[in-house]
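Asker: show me the folded form of this:
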Amino acid sequence: MKVCIIGGGHGSYAAAAELNEKDHHVTWWRRDGAAFSSLVERGTLDIDDHRGRRQVGVDGADHVESGSGGGISIVADLAEAVSNAEVIVAPVPAFAHESLARQLAPHLRDGQVVYLPPGSFGSIVFARAVRAAGNPADVAFAETGTLPYLARKHGDTRVVVSGYATRLPTGVFPARHTDRALAVLGEVYPAVERVEDALSGALMNAGPIIHPPLILMNAGPLEHFPSWDIHNEGTQDSVRRVTTALDAERIAVREALGYGAPHFPLADHYTADGDEWMYGNAAHEKLTDSGDWRENIDLHTHRYMTEDVEIGLALLSSVARWASVPSPVADGLLALAGAVTGRPAATGGRTLENLGLAELDSSGMRALLHDGSAR
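Answerer: As a prediction, this is how the structure comes out:
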């Protein structure tokens, strides 16, 4: 399969390494191409996971055996990078969607699948950018509830993967392309599972459920200590109770919209004997044992605030309003976040109001999600 990876974050590094090892033909592009200089000069990317450390070839590094697909091809030009790709994997933060969508939109072609892991309803943003660019291509945009990897970069030439997703609930926009898109995506990520549409996929996003309580209820230690592990010392019973209540609001919204189980309750992430969650059972222990999440988190600038609160949680709250589902925990966390940052967290750029979708009735929303336009 011809795959293009977009981005330079943890998930993009992990995707480039894993998909090349699976013998896919991988091209890789990021906005700041100069940041690839040390990786290109070295000629290899190190990956560490449960199988140990090994190297994946980059560009023309023919001294490394990296599978029949050859080494990862780092490409400076976006149009060239995506030109032959069947699947475009963009594990970039949701706050980067608008600018990336504008750059990518003119270059997409019929039949391509763009995968946003996770998406926070970014499918709408990308589809609108394609129309705004005057590009008639019929493209499928898919989004899921988490990155396919528990991963952290260590410098510019090494990525450590603590866990791989075993279940990736994935929705497609427009949903009429679901069969085709998931058949293609399944060749790249066999863990994909069908959900109803892109909004259902967006409401599987775990980040806006797990991270807002963790950063806001650990605000004191985060500001006091040079580094703090919100998933280890920061995950105490009181925090878990808030997270559970917030997740119950998410599930209530899904049920009100007619989306069926499984809803992937976050509680299963923390247990070894519950239903299998997105990263499998006992994923929380894998994450804390790695030590890679002991970090400095700036409450004003870290993506847990700028992405998971101000985009993801704001989206959940707005969908709850539209569906007439009470969401006092989500709304309260947004109010707290706004007090911390001085920014209006509840009115982020991905609310239904800001997307111009809040005036749709339920039939109009269903038509939009299935066909790509509201009747």
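
Asker: from now on I want contacts and neighbour counts done on CA atoms only, so please keep to that.
Answerer: Fine.

Asker: how about low-confidence regions in the stretch 151-300 of the chain?
Answerer: Scanning the stretch 151-300 of the chain for pLDDT under 70 picks out 282-289, 293.

Asker: would you map the helices across it?
Answerer: With DSSP state H, counting those that start in this stretch, the ranges of helices along the stretch 151-300 of the chain come out as 178-188, 198-202, 207-217, 219-224, 237-256, 283-290.

Asker: from residue 54, how far off is the spatially most central residue of the chain?
Answerer: With distances taken as CA atoms, centre = their mean, the chain has residue 118 as the residue nearest its mean C-alpha position (2.0 Å). To residue 54, residue 118 is 27 Å away according to CA to CA, to the nearest Å.

Asker: all strands of the stretch 51-200 of the chain, in order?
Answerer: Ranges of strands in the stretch 51-200 of the chain, per DSSP state E, counting those that start in this stretch, are 52-57, 73-74, 87-89, 113-116, 140-144, 149-153, 158-164, 168-173, 192-194.

Asker: tell me the strands beside the fifth one, with direction?
Answerer: Its sheet considered, strand 140-144 pairs with strand 113-116 (parallel), strand 168-173 (antiparallel) by DSSP bridges.

Asker: single out the most deeply packed of those.
Answerer: Comparing the strands paired with strand 140-144 by mean neighbour count (mean count of other CA atoms under 10 Å), strand 168-173 ranks first with a mean of 30.

Asker: save the strands paired with strand 140-144 as TSV, and put in distance to residue 180 too.
Answerer: Converted to TSV, the strands paired with strand 140-144 look like this (distance: least, CA to CA, whole Å):
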stretch	distance to residue 180
strand 113-116	9
strand 168-173	10
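
Asker: right, and those - which one's nearest residue 301?
Answerer: For residue 301, the closest of the strands paired with strand 140-144 is strand 113-116, at 21.7 Å, according to CA to CA.

Asker: give the helix, strand or coil label for residue 343.
Answerer: coil (DSSP: H, G, I helix; E, B strand; the rest coil).

Asker: go on, residue 349?
Answerer: coil.

Asker: swap in residue 367?
Answerer: Under three-state DSSP, the three-state class of residue 367 is helix.

Asker: that one against residue 373, yeah?
Answerer: Yes. Taking contacts as CA atoms under 8 Å, residue 367 lies within contact range of residue 373: 6.4 Å.

Asker: which one's more surrounded, these two?
Answerer: residue 367 (16 against 12; other CA atoms under 10 Å).

Asker: against residue 360, how distant is the more buried one?
Answerer: Noted for residue 367: a distance of 10 Å to residue 360, by CA to CA.

Asker: residue 71 too?
Answerer: Note on residue 71: its distance to residue 360, by CA to CA, is 47 Å.

Asker: so the two - more neighbours on which side?
Answerer: Taking neighbours as other CA under 10 Å, residue 71 and residue 360 compare with residue 71 leading, 30 against 16.

Asker: wait, doesn't the more buried one sit right on residue 56?
Answerer: Yes. Contact criterion CA under 8 Å: residue 71 and residue 56 qualify, at 6.7 Å.

Asker: which pLDDT value belongs to residue 70?
Answerer: pLDDT for residue 70: 70.

Asker: residues near it, how many?
Answerer: Residue 70 sits with 22 neighbouring residues when counted by other CA under 10 Å.

Asker: contacting residues for it?
Answerer: The neighbourhood of residue 70, defined by CA atoms under 8 Å, 6 or more residues apart in numbering, consists of 20, 23, 25, 57.

Asker: tell me the spacing between it and residue 81.
Answerer: Residue 70 is 16 Å from residue 81, by CA to CA.

Asker: quick check: beta-bridge partners of the closest residue in space to residue 71 that isn't next to it in sequence?
Answerer: Using CA to CA, 6 or more residues apart in numbering and skipping residues adjacent in sequence, the residue nearest residue 71 is residue 57, 4.3 Å away. Taking DSSP bridges, one obtains residue 44 as the residues bridged to residue 57.

Asker: check the spacing between residue 57 and residue 2 real quick.
Answerer: 17 Å.

Asker: so for the two, which residue has more residues nearby?
Answerer: Legend: neighbour count by other CA under 10 Å for residue 57 and residue 2, higher for residue 57 (26 against 18).

Asker: look up the pLDDT of that one for me, please.
Answerer: Value listed for residue 57 in the pLDDT field: 94.

Asker: that one contacts residue 47, correct?
Answerer: No. Using CA under 8 Å, residue 57 makes no contact with residue 47, being 10.9 Å away.

Asker: I figured residue 186 hits residue 192, correct?
Answerer: Yes. The criterion here is CA under 8 Å, and residue 186 meets it with residue 192 at 6.1 Å.
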